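J.: Sequence first, predicted coordinates after that:
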Amino acid sequence: MPWRLVAQAVGVGYLRIEGEGTDTGALLSVLQDLRKKLETRGGSLVILRCPLEIKSQTDVWGSAGDALALMRSIKAQFDPTGVLNPGRFVGGL
């Protein structure tokens, strides 16, 4: 699948995977494989933009790791009724 590195800074990279016209299953497979490889090396993969059919079948944020409990606590303090974008952030926050 065609790709290109668009930008890179210390610890951060922006990778564009150009899978237009590619079947959804192949693109999902590439994303899952890439995420798995990055996470085993201590990295992460966040999907910034993708077709809705991909978004509905994968977690665009990836793993929150051990920070999820802290994020839930902060969310509860700033949005106690849970009305601000429910379920749209990492871990379903």
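T.: On my side now, so go ahead.

J.: what's the distance between Arg16 and Ala76?
T.: Remark: distance between Arg16 and Ala76 (CB to CB, to the nearest Å) = 36 Å. In this view, the C-beta of every residue, glycine as well, is placed from N, C-alpha and C.

J.: swap that for Ala69, please
T.: Taking CB to CB, one finds Ala69 at 11 Å from Ala76.

J.: which stretch of helix or strand covers Gln8?
T.: Per DSSP states H and E: Gln8 is located in strand 3-9.

J.: What helices and strands are in contact with the worst-scoring helix or strand of the chain on mean pLDDT?
T.: Across the helices and strands of the chain, mean confidence by mean pLDDT, DSSP states H and E is lowest for strand 3-9: a mean of 71. With contacts defined as 3 or more CB pairs under 8 Å, 6 or more residues apart in numbering; DSSP states H and E, strand 3-9 has these neighbours: strand 12-17.

J.: Output the contacting helices and strands for the following helix or strand past the strand it packs on.
T.: The helix or strand immediately downstream of strand 12-17 is helix 24-40, counting by DSSP H and E. Here helix 24-40 touches strand 12-17, helix 52-55, going by 3+ CB pairs under 8 Å, 6+ apart.
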